[in-house]
Each structure stands twice: as structure tokens, then as C-alpha cells.
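*Asks:* Sequence first, predicted coordinates after that:
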Amino acid sequence: MENELKAAFLGMKRQDAINIVKEALQSNGDPIAILKVCRKAMEAVGERFETGEFFLSELIYAAEVFKAVTAILEPHLLTAPGEREAGGEVVFGTPLGDIHDLGKNIVITLMRSHGFTVHDLGVDVQPEKFIDQLKKTGSPILGMSALITPAFVSMRETISLLEKNGLRENTFVIIGGGVTTEFARKEVGADAQTLDPTAAIRLCREYLRGMPAYSDQKPNDR
Ligand code: B12
């Protein structure tokens with residue numbers, strides 16, 4: 001499936017990609033694993049862009065193919081309402097200078113389906129806007145998604161502004177998105193970094209469990 005899906009993305013074959021994902025789901029494929037394969041295929045598209053083989057138009061079209069397959073995957077990724085645990089509030093966005101949002105939207109969808117209340121600020125978000133929203137909502141978690149390296153500067157600025165506003169100590173900052181790494185996490189001063197939405201949910205829950213307002217949840221609520 002992996003090679004076929006990659007070929008469909010690289011060949012800009014939207015319908016092929018849709019069919020492959022549908023078939024994989026029908027044969028009980030794990031939707032998270034299928035999502036990972038799609039992400040890898042997008043990486044391959046990015047590599048061709050980097051080498052000059054693809055242009056911006058291909059990136060745009062690949063994004064459309066990705067949206068089409070995630071629309072099919074989404075219902076399989078969601079938790080049934082009855083199975084939802086209470087989650088915390090999260091302020092989320094793509095930092096200033098960056099307009100990528102496909103990964104951000106997936107993580108937000110999954111977090112909401114796992115009971116989190118997510119305030120999505122969209123893309124190209126000014127550091128001040130993140131701070132204002134954190135103050136307004138009292139959210140204990142800030143999620144930032146970055147796909148281009150210049151976004152590291154705005155993430156760093158946002159975290160500095162958190163410090164200046166006395167919010168840093170009580171805010172769990174988690175970052176993700178294709179270009180982020182553990183090294184980047186340290187550089188920008190975030191608390192956690194992952195590319196895996198399931199791990200992101202686990203990390204946020206672990207953080208909330210350590211907070212007085214949330215730590216009285218029963219162990220089987222987790
Ligand atoms: C699609 C795409 C675009 C689309 C975006 C459409 C959209 N609505 O998002 C468009 C065409 C708009 C675009 C534009 C540009 N792009 Co672009 N793009 C890509 C591409 C091919 C795929 C990105 C993607 O959506 N992947 C799929 C998603 C699902 O993966 P993901 O975001 O990593 O998300 C997953 C995880 O990271 C995680 N996650 C995501 N966010 C978060 C947040 C948190 C808190 C957590 C915990 C987890 C998490 O969850 C997701 C689930 O799997 C990448 C290639 C690549 N290697 O990624 C280049 C890439 C990111 N783009 C690149 C570039 C250079 C650009 C442009 C500058 C091109 C140009 N000359 O104009 C512009 C940037 C404009 C700007 N100011 O932002 C470069 C960046 C290089 C760099 N290191 O800076 C890349 C890497 C391509 C390359 N190899 O050269 N792009």
C-alpha cells in the first residue's frame with residue numbers, strides 16, 4: 001500500500017489515492033498508520049519540490065489530494081462521543097510566517113474527538129494573538145504547528161512573550177509539524193515535540209493529570 005500511495009501522490013492521481021485509502025480501510029488497515037503513509041508521501045512531494053522537479057502548483061495539488069484522503073480517513077480516526085474522556089482547553093495555531101495547516105487541522109480534529117476543547121487560531125498567527133487567547137480562555141496548553149524553518153523564530157518569540165506575561169510556568173507548550181525535532185524543541189523552549197497526534201494527546205493528558213484541577217480524575221478515566 002505504501003508504495004502505491006506514494007506513487008499516487010507523486011503522480012498527482014487523486015482518485016487513485018482515494019481508492020487505495022478506501023481499500024486499505026476495507027481490509028481493516030489502521031487509520032493512524034494510513035495517515036502516516038500519507039504524510040510520508042507528502043514528504044516525498046516536498047523532496048521533489050526541493051530538487052526543483054516539482055513546482056508550487058504540485059504542492060498545491062498534493063495538498064488537495066491529501067485533503068481528499070483525509071476526508072475519507074477522518075470518520076475512522078474519530079472517537080465515538082460515548083468513549084470521550086474529559087480533556088483540557090488548548091490554544092492552537094500555525095505561527096507567524098507559516099501558512100501550512102493540513103497537519104494542524106488533523107491534530108485538532110483528533111484532540112477534539114478525544115474530549116479537548118481546542119481554540120484554533122488558524123495560520124500565520126502573531127505571537128500576541130496566542131498570548132491574548134491564552135489569557136482570555138485560561139487554557140493550560142499551547143500547541144503550535146510549524147512546517148517551515150522561519151516559523152522557529154516566531155515560536156521562540158511566542159514563548160518569550162509567554163514568559164514576559166508571567167504565563168510560561170503554567171502553560172504546557174507542545175510543538176509539532178514536519179520540520180520540528182527534539183533539537184528544535186530545545187531551541188524554541190517548548191516542553192514537548194512530536195509528529196504523532198496520538199502521542200500529542202497522551203502528552204497533554206499526562207500534563208493535565210499533574211495539575212490540581214485535573215488530577216482528581218479516576219485512573220480509568222485516563
Ligand atoms: C502541502 C505543502 C504546502 C502547501 C500547504 C497547504 C496547506 N493548506 O497546508 C502550500 C502549497 C500552500 C505550501 C506552501 C509553501 N511551502 Co510547503 N509543503 C507542503 C508539503 C509538500 C506537505 C506538508 C503537509 O501538509 N504534510 C502533511 C501533514 C499531515 O504533515 P505535518 O504537517 O507534518 O503534520 C503531521 C505531524 O507533523 C503532526 N503535527 C502537525 N502539526 C502539529 C502540531 C502539534 C502541536 C503536534 C503535537 C503535532 C503536529 O501531525 C500531523 C499528523 O501526521 C511539505 C513537504 C513536507 N516535507 O512536509 C512542503 C514544505 C513544508 N513546504 C516548503 C516550502 C519551502 C513552502 C513555501 C515557502 C514554497 C514557496 N516558495 O512559496 C510555501 C510556504 C508559504 C508559507 N509562508 O508558509 C518546504 C519547507 C522547507 C523549510 N525547511 O523551511 C517543505 C518542507 C518542502 C521542501 N522539502 O522544500 N506548501
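*Replies:* Yes, it's here.

*Asks:* how about low-confidence regions in the protein?
*Replies:* 80-84, 211-222 (pLDDT under 70).

*Asks:* And the helices in the protein, which stretches?
*Replies:* 2-10, 14-26, 31-50, 56-77, 102-113, 127-137, 151-164, 182-188, 197-209 (DSSP state H).

*Asks:* need the ones you listed in CSV with distance to I175 and mean neighbour count, can you?
*Replies:* Backbone N, C-alpha and C define where each C-beta goes, glycine included. Below are these laid out as CSV (distance: least, CB to CB, whole Å; neighbours: other CB atoms under 10 Å):
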stretch, distance to I175, mean neighbour count
helix 2-10, 25, 18
helix 14-26, 28, 17
helix 31-50, 16, 17
helix 56-77, 21, 16
helix 102-113, 11, 20
helix 127-137, 12, 17
helix 151-164, 6, 19
helix 182-188, 6, 15
helix 197-209, 10, 18
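
*Asks:* With distance to the ligand as extra columns, can I get the ones you listed in CSV?
*Replies:* Putting these into CSV (distance: least, CB to the nearest ligand atom, whole Å) gives the following:
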stretch, distance to the ligand
helix 2-10, 9
helix 14-26, 13
helix 31-50, 2
helix 56-77, 4
helix 102-113, 2
helix 127-137, 12
helix 151-164, 8
helix 182-188, 10
helix 197-209, 3
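
*Asks:* can you redo those as TSV with distance to M144?
*Replies:* Output for those, formatted as TSV (distance: least, CB to CB, whole Å):
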stretch	distance to M144
helix 2-10	26
helix 14-26	28
helix 31-50	18
helix 56-77	20
helix 102-113	9
helix 127-137	8
helix 151-164	5
helix 182-188	9
helix 197-209	12
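
*Asks:* Out of the ones you listed, which is closest to F172?
*Replies:* Nearest to F172, of all the helices of the chain, is helix 197-209, at 4.3 Å by CB to CB.

*Asks:* Please name every helix or strand in contact with that closest one.
*Replies:* Contact partners of helix 197-209 among helices and strands, from 3 or more CB pairs under 8 Å, 6 or more residues apart in numbering; DSSP states H and E: helix 102-113, strand 141-145, strand 172-176.

*Asks:* switch the cut-off to 10 Å
*Replies:* In terms of contacts (3 or more CB pairs under 10 Å, 6 or more residues apart in numbering; DSSP states H and E), helix 197-209 is packed against helix 31-50, strand 89-93, helix 102-113, strand 141-145, strand 172-176, strand 192-193.

*Asks:* could you dump these to TSV with distance to A17?
*Replies:* Shown next, in TSV, are the helices and strands packed on helix 197-209 (distance: least, CB to CB, whole Å):
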stretch	distance to A17
helix 31-50	8
strand 89-93	27
helix 102-113	14
strand 141-145	23
strand 172-176	23
strand 192-193	28
